[in-house]
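> what shape does this take:
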Amino acid sequence: MKDGVNGVALAVFILFFVAVTVMGFLAARWRKAANENTLDEWGLGGRSFGTWVTWFLLGGDLYTAYTFVAVPAAIYAAGAAGFFAVPYTILVYPLIFTFLPRLWSVSHKHGYVTTSDFVRGRYGSRGLSLAVALTGLLATMPYIALQLVGIQAVLDVMGVGGGETTNWFVKDLPLLIAFGVLAAYTYSSGLRAPALIAFVKDTLIYVVIAVAIIYIPIKLGGFDQIFAAAEEKFSQVNEATGKPTGSLVPGDVAHWGYATLAFGSALALFMYPHSITATLSSRSREVIRRNTTILPLYSVMLGLLALLGFMAIAAGVDVKNGQLAIPQLFENMFPDWFAGVAFAAIGIGALVPAAIMSIAAANLFTRNIYKDFIRPDATPAQETKVSKLVSLLVKVGALVFVLTMDKTVAINFQLLGGIWILQTFPALVGGLFTRWFHRWALIGGWAVGMLYGTISAYNVAGPTQKHFGGSSAVIPGIGEIGYIGLTAFVLNVVVTVVLTFVMRAAKAPDGIDETSPSDYTADAGDPGVKVELPPATAGAPGGH
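Predicted structure coming up:
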């Protein structure tokens, strides 16, 4: 580790940060609409983005600074287990090809801005819509906080802010400035800001990874040396557990955990509100279909990124906090100026998803809590104003969360967020294909999944804490260690199906479905297709 502030790297970092800040404010003039005071314009970019803008926006949304830092950090700490992120991003794209175009079509037809809008319209249930909205908010908050962890890792390695004994305000001032600027241009430009900045972010990441995957192995003597060093490290016995510290290949015992975590994560990824916000911003269902075929290019990038964890071991990087491993690798191996470029890629990689996440969370609060339960007669302009204010509060909440709590707490809550958000899958994806599930049964299944997932995660102990120490536990009836979120999801589905049979037998009243079969295949250019603002409660009946 280099002593003091890395002035050259910091200068390059600031240069890129200033550039994207200017872009963020200028984005308000990009594709400027006649009426900016609607959530369609501020929160969804006017639903006007084409294939490439959507591709960069989704990439900037899903592949975050935390991905850049945490995936190779997991490889650095435990080896092959960290590669689960690669297969799950491969699994997710065929999955979303089946349902995202349907969600785009029905949302475009009825003016839905959030997944909870669709759930309310499909099932005629404000209660189910509220459950989905609250789950989305809970799952998103720690995710935003983790983007701060990525920026802090970069600032720490550059030596910005001083040491642990430095006054807290001085130490955290760079972080406060970064998110103050983020809050300002998100407030003024809405989704257009991260959409425009995503071009810079993704280009930087691809350049850094392309250079790293060639340059660093050359300096370290090739991949043979890298894998040999990793194998030697992982073969060492951990004194606390009496077991090897990791492995290059998952052992038999780890297969269930690896597979269930990859599959469960794939099911959960596009349940997150920010994923749907980026999706609904596109201009046609064909844009969505094209993107599901080209987004796997990011999985190639992710696989190469994961290898950096092995390189950090071979380079002799020794850090107590694994999140610092990759920034430290960059500083040790790259010339200072290119280390600055790499740090900028990580920093901007935090700003883009944090902006989209805060917008998505704000839209959920505005449409499905404020409008549905507090002010049903709110005008589009009032909705937009509330959403802008809430997006600021969400960022402040995430900032306070990170500055006042242990970073491992944020990471554990993000793992819990994945368990929670997966429980919205039956209501959202199920509703896109069938109206058979009863609204009350879906609420019952959601409640069981949330309760089981939360309690099970609470009972998992980690190396440094007694509770919320991980996301894997014994699968009931099977006896293998598996992903808690997937087990909770299976229980959710079973309860939902059983209760639906009970509700149908008892002739419990269905909610009113305001959608019709043709809504799920409608496109922007189809005759008669227009955006309709949904009412505060379910509208006219339709059948499906």
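
> run through this protein and note the low-pLDDT ranges.
Low-confidence segments of the chain (pLDDT under 70): 1-3, 31-35, 161-171, 238-242, 245, 250-253, 405-411, 463-464, 525-544.

> distance of the residue sitting nearest the centre point of it relative to residue 349?
In the chain, the centroid-proximal residue (CA atoms, centre = their mean) is residue 62; its distance is 5.3 Å. Distance of residue 62 to residue 349, computed by CB to CB, to the nearest Å: 11 Å. Quick note: C-beta positions are derived from backbone N, CA and C, even for glycine.

> now do residue 480
Distance from residue 480 to residue 349, by CB to CB: 35 Å.

> ok, the two, which is more surrounded?
Taking other CB atoms under 10 Å, residue 480 and residue 349 do not tie; residue 349 has more neighbours (28 against 15).

> skipping its backbone neighbours, what lies nearest that one in space?
residue 65 (4.0 Å; CB to CB, 6 or more residues apart in numbering).

> hmm, the one you found is touching residue 357, no?
No: with contact defined as CB atoms under 8 Å, residue 65 does not reach residue 357; the gap is 11.9 Å.

> now for the two: what residues contact both?
Common contacts of residue 65 and residue 357 (CB atoms under 8 Å, 6 or more residues apart in numbering): residue 147.

> test my guess that residue 56 contacts residue 198.
Yes: here residue 56 reaches residue 198: they are 4.2 Å apart, a contact under CB under 8 Å.

> show me which of those two is the more surrounded one.
A direct count of neighbours by other CB under 10 Å for residue 56 and residue 198 places residue 198 higher, at 28 against 23.

> regarding this structure, what is its longest helix?
Assignment by DSSP state H gives helix 126-158 as the longest helix of the chain.

> give me the buried positions along that one.
For helix 126-158, a neighbour-count test (16 or more other CB atoms under 10 Å) marks 126, 128-158 as buried.

> next secondary structure after it?
helix 168-189 (DSSP states H and E).

> which residues are contacting that next one?
So helix 168-189 is in contact with 17, 21, 24-25, 27-28, 148, 151-152, 155, 160-162, 193-194, 347, 351, 354-355, 358-359, 388, 391-392, 395-396, 399, 403, going by CB under 8 Å, 6+ apart.

> hmm, try it at 6 Å
Outside helix 168-189, the residues that touch it by CB atoms under 6 Å, 6 or more residues apart in numbering are 21, 24-25, 27-28, 155, 160-162, 193, 351, 355, 388, 391-392, 395, 399, 403.

> again with stretch 51-70
146-147, 150, 153, 195, 198-199, 201-202, 274, 278, 282, 287, 290-291, 298, 323, 326, 346, 349-350, 352-353, 356.

> circling back to that earlier point, can I get the buried part of the contacts of helix 168-189 as one ChimeraX selection?
Selection of the buried residues among the contacts of helix 168-189 in ChimeraX, burial being defined by 16+ other CB under 10 Å:
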select :21,24,27,28,155,160,161,193,351,355,388,391,395,399
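
> got the angle between the helix or strand hosting residue 75 and helix 126-158?
Secondary structure assignment for residue 75, by DSSP H and E: helix 65-78. Inter-element angle recorded for helix 65-78 and helix 126-158: 70 degrees (by axes from the mean of the first three to the mean of the last three CA atoms, to 10 degrees).

> after helix 65-78 comes which helix or strand?
Per DSSP H and E, the first helix or strand lying C-terminal to helix 65-78 is helix 85-110.

> got the CA positions of the following helix or strand past that next one in PDB?
Moving toward the C-terminus from helix 85-110, the first helix or strand encountered (DSSP H and E) is helix 115-123. What follows is helix 115-123, C-alpha atoms only, in PDB (Å, rounded to 0.1, in the frame of the first residue of the first chain):
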ATOM      1  CA  THR A 115     -44.500  -3.300 -10.400                       C
ATOM      2  CA  SER A 116     -47.000  -2.400  -7.600                       C
ATOM      3  CA  ASP A 117     -49.100  -0.400 -10.100                       C
ATOM      4  CA  PHE A 118     -49.400  -3.600 -12.200                       C
ATOM      5  CA  VAL A 119     -50.200  -5.800  -9.200                       C
ATOM      6  CA  ARG A 120     -52.900  -3.400  -8.000                       C
ATOM      7  CA  GLY A 121     -54.400  -3.200 -11.500                       C
ATOM      8  CA  ARG A 122     -54.200  -7.000 -12.100                       C
ATOM      9  CA  TYR A 123     -55.600  -8.200  -8.800                       C
END
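
> got the buried residues for stretch 314-321?
314-315, 317, 319.

> out of those residues, flag the one nearest to residue 220.
residue 314 (4.9 Å; CB to CB).

> so that closest one sits right up against residue 227, yeah?
No: if you go by CB atoms under 6 Å, residue 314 and residue 227 don't touch, sitting 8.2 Å apart.

> what about the residue nearest to residue 349, distance to residue 151?
Taking CB to CB as the measure, residue 65 falls 7 Å from residue 151.

> just give the number of residues close to the residue nearest to residue 54 when sequence neighbours are not counted.
The shortest distance from residue 54 to any non-neighbouring residue, by CB to CB, 6+ apart, is to residue 282 (4.4 Å). Counted with other CB under 10 Å, the neighbours of residue 282 add up to 28.

> and residue 224, by the same measure?
By other CB under 10 Å, 10 other residues sit near residue 224.

> is it fair to say it lies in a helix?
Yes: using DSSP: H, G, I helix; E, B strand; the rest coil, the assignment for residue 224 is a helix.

> that one and residue 212, how far apart?
For residue 224, the distance to residue 212 equals 18 Å [CB to CB].

> part of a strand, is residue 343?
No: judged by three-state DSSP, residue 343 forms no part of a strand; its state is helix.

> how much space separates residue 506 from residue 494?
19 Å.

> the two - which one has more neighbours?
residue 494 (13 against 8).

> quick one: contacts for residue 482?
256-257, 260, 475.

> what's the farthest-apart pair in the residues you listed?
The widest separation within the contacts of residue 482 (CB to CB) is 9.5 Å, between 257 and 475.

> quick one: which of these two has more around it?
Between residue 257 and residue 475, counted using other CB under 10 Å, the more crowded position is residue 257 (21 against 18).
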